[in-house]
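Visitor: Sequence and predicted structure, then a few things I'm wondering about:
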Amino acid sequence: MKKVTVLFSLLFVLTLFVSCSTENNGVDSSASSQEQDDISPAADESIKEDVVDLPAHLYQTTEMRTSSLLRHDFDIDEPTSLEINVSTSSGKLSIGVKNRDTDTYVLDLTECTKGEYNQVVSLKETGQYSIVLKISNHTGSYEVAGTPIE
């Protein structure tokens, strides 16, 4: 009887440990989708919550976040200018803009380390695009704001 009690106690503790350690299973739940090939902004400090409303606005903060491949997909139906801002306190974040219709980069993955990175990208062709990120122990934020090109 004592062996059975010890065995059940051990199984309970093991089950509890496994369920806690696999809760997120290393998956970045904020990803819109993940890309299978080899790829993953000085934001307004008044913004406190993450925003994913592309092409109008994307804003997310990170704290020691790592994601091998992260992709935010969106469509544009008129020429659009994207203002990209990345703020990095520590770690690395690479950001790029990919045209999914042609499978080419409009902005190649650009590595952002300490400090600020600002870039404006013009998307002159309508279609399907992605903001592609590769994040390694990044603390900071990234922001993309889109406005129609007149």
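Guide: Okay, I see it.

Visitor: what are the ranges of the helices in this structure?
Guide: 2-21 (DSSP state H).

Visitor: in its sheet, what does the longest strand along it sit against?
Guide: Secondary structure of the chain read by DSSP state E shows that its longest strand is strand 127-148. Using DSSP bridges, the strands paired with strand 127-148 are strand 57-76 (antiparallel), strand 80-99 (antiparallel).

Visitor: Going by mean pLDDT, which of those comes out lowest?
Guide: In terms of average pLDDT, strand 57-76 trails the rest of the strands paired with strand 127-148, at a mean of 89.

Visitor: tell me the mean pLDDT for the longest strand of the chain?
Guide: In the prediction, strand 127-148 has an average pLDDT of 94.

Visitor: Restrict it to CA atoms and write it as CSV.
Guide: Below are the C-alpha coordinates for strand 127-148, written out as CSV (Å, rounded to 0.1, in the frame of the first residue of the first chain):
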residue,chain,number,x,y,z
GLY,A,127,-1.4,42.8,-52.5
GLN,A,128,-0.4,40.6,-49.6
TYR,A,129,2.5,41.6,-47.4
SER,A,130,4.1,40.5,-44.1
ILE,A,131,6.1,42.2,-41.4
VAL,A,132,8.8,39.5,-40.7
LEU,A,133,10.7,39.4,-37.4
LYS,A,134,13.5,37.4,-35.9
ILE,A,135,13.9,38.1,-32.2
SER,A,136,16.7,37.1,-29.9
ASN,A,137,16.5,38.0,-26.2
HIS,A,138,15.1,41.3,-27.2
THR,A,139,13.9,44.0,-24.8
GLY,A,140,12.3,47.0,-26.3
SER,A,141,9.5,47.6,-28.8
TYR,A,142,8.7,47.7,-32.5
GLU,A,143,6.1,49.7,-34.3
VAL,A,144,4.9,49.9,-37.9
ALA,A,145,2.4,52.7,-38.9
GLY,A,146,0.9,52.7,-42.4
THR,A,147,-0.5,55.6,-44.2
PRO,A,148,-1.9,55.8,-47.8
